[in-house]
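# I would like to see how this sequence folds:
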Amino acid sequence: MTAFCHPEERTQCASRRGQGARPCSGRESGRSDVENRERSATMMPAVPTLRRSHAAFVYVTIFLDMLAFGIIGPILPKLVETLAHTGIARAALIVGIFGVAWAIMQFFCAPIFGLLSDRIGRRPLILFSNIGTAVDYAIMALAPSIGWLFIGRVLSGATTASTTVAMAYIADSTKPEERAKAFGMVGAAFGLGFIVGPAIGGYLGAFDPRLPFWVAAFFGLINFAYGWFVLPESLAPQYRSDRMDWRKANPLGSLTFLRSQKKLFGLSSIFLFTHLAHEIFPYVWVLYCMAAFSWSSTQIGGTLALVGIVSALSSMVLVSPAVQRFGERRTLIGGLAFATMAYVLFAQYQNGPLFLIGILVSGFSIYAAPLQAIMTKRVGPSHQGELQGAISAVRGLMMIAGPPLYTALFWFVTGPYKDRGLLGTPWLFAAVLTAIAIPVALRATHRMDPE
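Modelled structure (predicted):
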């Protein structure tokens, strides 16, 4: 892997560069991979200028990925029901299988995309994702059977894994002190995609259940054409890895990478706890609102829209001022504390107003952006893709574990123990997971430089 010269190696390395050689590697100087990453992280290269159009493209790419993901949500069950010639109960089971398959593809493909982007650069993979998204959704739009629809969904999970590369592009192209703000904008793109996607999908699906797929494919094609002309490469050739290490291009290899440094492993544990907690939203929210408050589908849809709006606004408006005022470490810990409080408020199943207050409190749970920023400072540019791939693998693993965990827990409190007043237990479980992340964060960041 490519590294950066230590001070005592600069003279020799400068001479070698004058002869057209690549920068010194850790292996050449006898250093371990861990020492190599630590040195490269502390000697960052000059950051290339990120124009607004370049940043906008990356944000739009992530937004369109989430838009395409959300746009088919309202109409996928109906299309499955039609193609499978079955009722809504079996269609729901098939949709669940589709969701698990999508998450599995994310789990396995994200590390590959991350490592490959360290080897060949970010731009080719981002553009590949754009055109791949267009092809995936065109396949689903034309699907004559449930099998073809499944193939399109699996391919969608693979190409959407390039969000890993988009995050690495942001890390490459922003100064370390500005990364929290940039990752906050990424969070806003996620939130807006989840807000707008289902609304567009529901509207278009009323005309034709296949129309949302065509629209998603069109967005992917337009984004590819735009990126082909405006998006530069963010990872300079001299900072790319020398070879593709396929032993690391898998989820287990990613976990090994995260364990290679104590601080990196501790910070990645925060991702594990918080992502597992966050998986409660897609699988429990609707069922919980129906069981606890007897709200209509319109009311529940309104609460979900409010969650997305609050999340997007907080990512755009709060992250940068909070990091500037309190620093990344305290913003991270404070965000985890607010997230814990929000989950506790969501557990108040006998009090609708407190549940709604929980949505507003969740807007202050801005821990993800500073956590990403802190982790990117622990590795050099040659490992940003590998880092983001590893983070995405953790996220994918939690996306696989979340559905059976939370649906089983909700069944438990609404079935065998229905009369024991335990309806809020899933939310309290999520609160405990997030609360555990707080001392982990305190320990993993306690030696950070004063901000």
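
# outline the domain layout of this protein.
Split into domains by automatic domain parsing, the chain comes to 51-236, 254-451.

# quick one: low-confidence ranges for the stretch 151-300 of the chain?
The model of the stretch 151-300 of the chain has pLDDT under 70 over residues 161-162, 261-263.

# just give me the neighbour total for residue 151.
Residues lying near residue 151 (other Cβ atoms under 10 Å) number 16. In short, each C-beta sits where N, CA and C put it, glycine included.

# which SSE is it in?
Here residue 151, judged by DSSP states H and E, is contained in helix 146-160.

# would you turn the domains of the chain into TSV with distance to residue 242?
What follows is the domains of the chain, written out as TSV (distance: least, Cβ to Cβ, whole Å):
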stretch	distance to residue 242
domain 51-236	8
domain 254-451	9
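
# just checking, what packs against the helix or strand immediately after the helix holding residue 151 in the chain?
Heading C-terminal from helix 146-160, the first helix or strand you meet, by DSSP H and E, is helix 163-173. On a contact count with 3 or more Cβ pairs under 8 Å, 6 or more residues apart in numbering; DSSP states H and E, helix 163-173 meets helix 52-71, helix 88-120, helix 123-142, helix 179-205, helix 384-414.

# if we go to 10 Å?
Applying 3 or more Cβ pairs under 10 Å, 6 or more residues apart in numbering; DSSP states H and E, one finds that helix 163-173 contacts helix 52-71, helix 88-120, helix 123-142, helix 179-205, helix 368-376, helix 384-414.

# among those helices, which is the most enclosed?
Neighbour counts (mean count of other Cβ atoms under 10 Å) averaged over each of the helices and strands packed on helix 163-173 peak at helix 368-376, with a mean of 27.

# in CSV, list the C-alpha atoms belonging to that one.
Taking C-alpha atoms only, helix 368-376 is exported to CSV below (Å, rounded to 0.1, in the frame of the first residue of the first chain):
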residue,chain,number,x,y,z
ALA,A,368,-22.8,10.5,12.5
ALA,A,369,-21.0,13.3,10.7
PRO,A,370,-18.4,14.0,13.4
LEU,A,371,-17.9,10.3,13.8
GLN,A,372,-17.2,9.9,10.1
ALA,A,373,-14.8,12.9,10.2
ILE,A,374,-12.9,11.6,13.2
MET,A,375,-12.4,8.2,11.6
THR,A,376,-11.2,9.6,8.3
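
# so what secondary structure elements neighbour it?
Identification of packing neighbours for helix 368-376 by 3+ Cβ pairs under 10 Å, 6+ apart yields helix 163-173, helix 179-205, helix 262-278, helix 297-317, helix 319-346, helix 384-414, helix 425-444.

# quick check: angle from the next helix or strand after the third one to helix 179-205?
Helices and strands here follow DSSP H and E; after helix 262-278, the next one along the chain is helix 280-293. Angle between the axes of helix 280-293 and helix 179-205 is 60 degrees (criterion: axes from the mean of the first three to the mean of the last three Cα atoms, to 10 degrees).

# now helix 280-293: buried residues?
280-289, 291-293 (16 or more other Cβ atoms under 10 Å).

# stretch 77-89 now?
So for stretch 77-89, counting by 16+ other Cβ under 10 Å, buried means 77, 79-81, 83.

# and the contacts of it?
72, 90-95, 97-98, 140-141, 143-150, 153, 205, 209-210, 212-213 (Cβ atoms under 10 Å, 6 or more residues apart in numbering).

# send me that stretch as PDB with only the CA atoms.
In PDB, the C-alpha atoms belonging to stretch 77-89 read as follows (Å, rounded to 0.1, in the frame of the first residue of the first chain):
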ATOM      1  CA  PRO A  77     -45.400  -4.700  -2.800                       C
ATOM      2  CA  LYS A  78     -48.100  -4.100  -5.400                       C
ATOM      3  CA  LEU A  79     -45.800  -5.000  -8.300                       C
ATOM      4  CA  VAL A  80     -44.700  -8.100  -6.500                       C
ATOM      5  CA  GLU A  81     -48.300  -9.100  -5.800                       C
ATOM      6  CA  THR A  82     -49.100  -8.800  -9.500                       C
ATOM      7  CA  LEU A  83     -46.000 -10.600 -10.800                       C
ATOM      8  CA  ALA A  84     -46.200 -13.400  -8.200                       C
ATOM      9  CA  HIS A  85     -50.000 -13.800  -8.600                       C
ATOM     10  CA  THR A  86     -50.400 -13.900  -4.900                       C
ATOM     11  CA  GLY A  87     -52.000 -12.000  -2.000                       C
ATOM     12  CA  ILE A  88     -50.600  -9.200   0.100                       C
ATOM     13  CA  ALA A  89     -49.400 -11.600   2.900                       C
END
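
# can you give me the mean pLDDT across that stretch?
Stretch 77-89 comes out with an average pLDDT of 80.

# nearest to residue 246, out of the domains of the chain?
Distance to residue 246, taken as Cβ to Cβ, is lowest for domain 51-236 among these, at 8.3 Å.

# work out the gap between the closest one and the centre of the chain.
In terms of Cα atoms, centre = their mean, to the nearest Å, the centre of domain 51-236 is set 12 Å apart from its chain centre.

# switch to numbering from 32
In the new count, where the first residue is 32, that last one comes out as domain 82-267.

# could you export the helices and strands packed on helix 399-407 as a markdown table, including distance to residue 163?
As requested, the helices and strands packed on helix 399-407 are exported to a markdown table (distance: least, Cβ to Cβ, whole Å):
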| stretch | distance to residue 163 |
| --- | --- |
| helix 194-204 | 12 |
| helix 210-236 | 17 |
| helix 293-309 | 24 |
| helix 328-348 | 25 |
| helix 350-377 | 30 |
| helix 415-445 | 16 |
| helix 456-475 | 33 |
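
# out of these, which comes closest to residue 268?
Each of these has some distance to residue 268 by Cβ to Cβ; the shortest is helix 194-204, at 12.8 Å.

# rewinding a little: looking at the domains of the chain, which is closest to residue 275?
For the domains of the chain, the distance to residue 275 is smallest for domain 82-267, at 4.8 Å, taking Cβ to Cβ.

# how about residue 248, what does it touch?
Counting by Cβ under 10 Å, 6+ apart, residue 248 has contacts 99, 164-173.

# could those residues go into CSV alongside pLDDT?
Shown next, in CSV, are the contacts of residue 248 (pLDDT from 0 to 100):
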residue, pLDDT
99, 71
164, 84
165, 88
166, 90
167, 87
168, 87
169, 91
170, 91
171, 88
172, 89
173, 92
